[in-house]
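J.: just need the structure, nothing else, for what follows:
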Amino acid sequence: MVKNSFISVSLQEKEKNGGSVEFQVFSFTNKIQRLTSHLKLHKKDYLSQRGLRKILGKRQRLLAYLSKKNRLRYKELISQLGIRETKNR
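T.: Model (predicted):
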């Protein structure tokens with residue numbers, strides 16, 4: 001339920017600020033979910049696997065940037081999207 005409300009709020013905010021880090025992470029998360037469900041059916045689709053790894057890396061870099069710049073927004077985004085916190089090296 002929380003994800004659905006976040007989707008509607010995020011889509012409304014897209015018109016205002018589509019380039020924000022939160023919206024980019026949100027759109028990458030949607031792409032990751034779609035590709036993951038696709039790869040469950042098509043296990044040998046190596047091109048999609050490569051695309052998934054690239055998107056995962058982009059999302060990881062954006063989350064690392066957000067955690068450095070504003071830890072509160074990062075924690076809020078992680079909880080809204082339901083993804084786990086990345087470990088720092």
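J.: residue nearest the centroid of the chain?
T.: The chain has Thr29 as the residue nearest its centroid, 3.0 Å off, counting by Cα atoms, centre = their mean.
J.: which stretches of the protein form helices?
T.: Along the chain, the stretches classed as helices by DSSP state H are 2-17, 21-41, 46-69, 71-81.
J.: rebuild these as JSON lines, extending it with mean pLDDT.
T.: Shown next, in JSON lines, are the helices of the chain (pLDDT from 0 to 100):
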{"stretch": "helix 2-17", "mean pLDDT": "57"}
{"stretch": "helix 21-41", "mean pLDDT": "95"}
{"stretch": "helix 46-69", "mean pLDDT": "96"}
{"stretch": "helix 71-81", "mean pLDDT": "93"}
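J.: what about Val21, distance to Tyr74?
T.: 9 Å (Cβ to Cβ, to the nearest Å). To be clear about C-beta, it is placed using only N, CA and C from the backbone, and glycine gets the same treatment.
J.: which one of those two has more residues nearby?
T.: For Val21 and Tyr74, the more surrounded residue by other Cβ atoms under 10 Å is Tyr74, and the numbers stand at 21 against 17.
J.: quick one, what contacts Lys58?
T.: By Cβ atoms under 8 Å, 6 or more residues apart in numbering, the contact list for Lys58 reads Phe28.
J.: what's next to stretch 31-45, contact-wise?
T.: Residues outside stretch 31-45 that contact it (Cβ under 8 Å, 6+ apart): 48-49, 51-52, 55-56, 59.
J.: what comes up buried for that stretch?
T.: Using 16 or more other Cβ atoms under 10 Å as the test for burial, stretch 31-45 gives 31-32, 35, 39.
J.: returning to that earlier point: okay, and the common contacts of Val21 and Tyr74?
T.: With Cβ under 8 Å, 6+ apart, Val21 and Tyr74 have common neighbours Leu66.
J.: all set now, cheers.
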